[in-house]
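Colleague: Next come a sequence and a model predicted from it.
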Amino acid sequence: MILGRLLGWLLVAAAIVVVGRDAANAWYQGAWTFVPAGELWYQLHPPSLQGLQPLVQSRLFAFWPEVWDVAVVPVLALPAAALLGGLGLVFLLLFRRRRRRGMLR
């Protein structure tokens, strides 16, 4: 549970960093644009992104290779800050601390 919350906070922090990066780009370019998740991933580590497509198409979904175009490409086109922040919030909600009710003393 602690690792899930830690991962959630790290993803939220990464989303804040990406928003700061987008804001800096908006300052210098004069127009606000969001960096897509796929582009950010490519900037950070191109080989892992390039290895994802064959993995998805031939190993994970060999019975349905079109899943790359139908599901993965639209997710990679989402703004990176929204994707990271959304995933972080999901992790924080899934691994939140729950209060114990009706505990016997």
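Modeller: Sure, I can see it. These figures come from a predicted structure and were not determined experimentally. Residues are numbered from 1 along each chain as shown.
Colleague: which residue ranges form the strands in the protein?
Modeller: For the chain, applying DSSP state E gives no strands.
Colleague: Where do the helices of it begin and end?
Modeller: Taking DSSP state H as the test, the helices found in the chain are 2-29, 37-44, 46-54, 67, 73-76, 80-94.
Colleague: and among those helices, the most buried is which?
Modeller: Mean neighbours per residue, mean count of other C-beta atoms under 10 Å, is largest over the helices of the chain for helix 80-94, with a mean of 17. Every C-beta, even on glycine, is put in place using the N, C-alpha and C of the backbone.
Colleague: Would you mind writing the CA trace of it as PDB?
Modeller: Written as PDB, here are the backbone C-alpha positions of helix 80-94 (Å, rounded to 0.1, in the frame of the first residue of the first chain):
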ATOM      1  CA  ALA A  80       1.500  14.000 -20.800                       C
ATOM      2  CA  ALA A  81       0.500  16.100 -17.800                       C
ATOM      3  CA  ALA A  82      -3.100  14.900 -17.900                       C
ATOM      4  CA  LEU A  83      -2.100  11.300 -18.300                       C
ATOM      5  CA  LEU A  84       0.500  11.300 -15.500                       C
ATOM      6  CA  GLY A  85      -1.700  13.300 -13.200                       C
ATOM      7  CA  GLY A  86      -4.700  11.100 -13.900                       C
ATOM      8  CA  LEU A  87      -2.700   7.900 -13.300                       C
ATOM      9  CA  GLY A  88      -1.300   9.400 -10.100                       C
ATOM     10  CA  LEU A  89      -4.800  10.200  -8.800                       C
ATOM     11  CA  VAL A  90      -6.000   6.700  -9.600                       C
ATOM     12  CA  PHE A  91      -3.100   5.200  -7.700                       C
ATOM     13  CA  LEU A  92      -3.700   7.500  -4.700                       C
ATOM     14  CA  LEU A  93      -7.400   6.600  -4.700                       C
ATOM     15  CA  LEU A  94      -6.700   2.800  -5.000                       C
END
